[in-house]
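based on what follows, work out the 3D shape:
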Amino acid sequence: MAVKKKDGEAVVFSWIIWPSREVRDKGMEGAMQDARLANYMKPEDMPFDGQRMIFGGFEVIYQG
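Next up is the predicted model:
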């Protein structure tokens, strides 16, 4: 319900685990400079409705 899923749509859940903040920063910088992503930098060109996207950062509090 949080993303207002409609009939025929799928909800996708994914995550990335970076080994460190430094590696994440370098990876994100590289992604933003990648020409393959240039078409998705404007909201009207994105392959999904970005206003319905939920994202955040998480911190491991327990690892068994």
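
when you work out contacts or count neighbours from here on, use the C-alpha atoms and nothing else.
Will do.

give me the pLDDT value at the residue nearest the centre of the chain.
The centroid of the chain falls nearest to F55 when counting by C-alpha atoms, centre = their mean (6.5 Å). At F55, the model reports a pLDDT of 75.

the chain should start at 651 in everything you say after this.
Okay, residue one is now 651; in that scheme the one you just asked about reads as F705.

what about it, which helix or strand?
Here F705 sits in a region with no helix or strand, counting by DSSP states H and E.

now do it against S664, distance only.
Separation of F705 from S664 (C-alpha to C-alpha, to the nearest Å): 10 Å.

same question, M703
Distance, M703 to S664, by C-alpha to C-alpha: 12 Å.

could I get the full set of helices for the chain?
Applying DSSP state H to the chain gives helices spanning 671-683.

tell me where the model's unsure across it.
By pLDDT under 70, the weakly predicted segments of the chain are 689-690.
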